[in-house]
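> have a look at this fold, sequence not included:
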């Protein structure tokens, strides 16, 4: 079974500073990887996903993530954050679709707080 | 942009009462998911539908929870009787395919408070 570990429950940063949110996964088969963002009392919005190919994935709102198979990691980065990036960020994994049933498994989330 | 519709947005109910949530996925999305998100945690899958069939309900507490998607379109999740520990956000999501190639689209959720 797959699992996701988000290494930091909270990350405070100052506006315009760079940020990295860390995510590690475990799976015995190939995976698809995702980052979602959740604003207060809202559903989850897809930021970016890795399916195959280039290990550097670019998403919305200036975010990017790098897939590292040897370290089983999929860290999310942004070179300069804004106040509006304050939200909860979730890393998720889905196994490769060779099985009959698969689903997204989420990490526990990282609360990013951007301070002025 | 197409959205997943959920109602109600907020629900307060007393312990031991019945409660129901409704979800209307994006048109044409065959796969529908119900997730439960306890405050401060990531979403956990309760049930997955492919059209009108349940393909995974291994984490659904079947003694009190039920879910249906009778015509393979909208879906209802019911809790009877509600318990204090059921207080959470209930999220519905839909997907065009049976996997994750296109990603999931989530609704805004129903925030349930059991008192």
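Received, thanks. These numbers come from a predicted model, not from an experiment.

> isn't residue A:62 right up against residue A:78?
Yes: the criterion here is Cβ atoms under 8 Å, and residue A:62 meets it with residue A:78 at 5.5 Å. All C-beta spots, glycine's among them, are computed from the backbone N, C-alpha and C.

> so if I had to pick from these two, which one is more boxed in?
Taking neighbours as other Cβ atoms under 10 Å in any protein chain shown, residue A:62 and residue A:78 compare with residue A:78 leading, 22 against 13.

> which residues does that one bridge with?
Judged by DSSP bridges, the bridge partners of residue A:78 are residue A:19.

> from residue A:20, how far off is it?
8 Å (Cβ to Cβ, to the nearest Å).

> need the residues of chain A near chain B, please.
A:4, A:32, A:34, A:36, A:41-46, A:49, A:51, A:90, A:92, A:94, A:97, A:101-109 (Cβ under 8 Å from any Cβ of the partner chain).

> go again using 6 Å as the cut-off
A:32, A:42-44, A:46, A:49, A:90, A:94, A:97, A:101-103, A:106-109 (Cβ under 6 Å from any Cβ of the partner chain).

> closest to residue B:61 among the residues you listed?
Nearest to residue B:61 among those is residue A:103, at 17.4 Å by Cβ to Cβ.

> now the closest one: which helix or strand?
Using DSSP states H and E, residue A:103 falls within no helix or strand.

> ok, what's across the strand from the nearest residue to it once chain neighbours are set aside?
Once flanking residues are discounted, residue A:103 sits nearest to residue B:45: 5.3 Å by Cβ to Cβ, 6 or more residues apart in numbering or on different chains. Per DSSP bridges, the residues bridged to residue B:45 are residue B:35.

> what about residue B:45, neighbour count?
20.

> residue ranges for the strands of chain B, please.
B:5-7, B:10-13, B:19-24, B:31-37, B:44-50, B:53-56, B:65-68, B:75-79, B:88-95, B:105-106, B:110-114 (DSSP state E).
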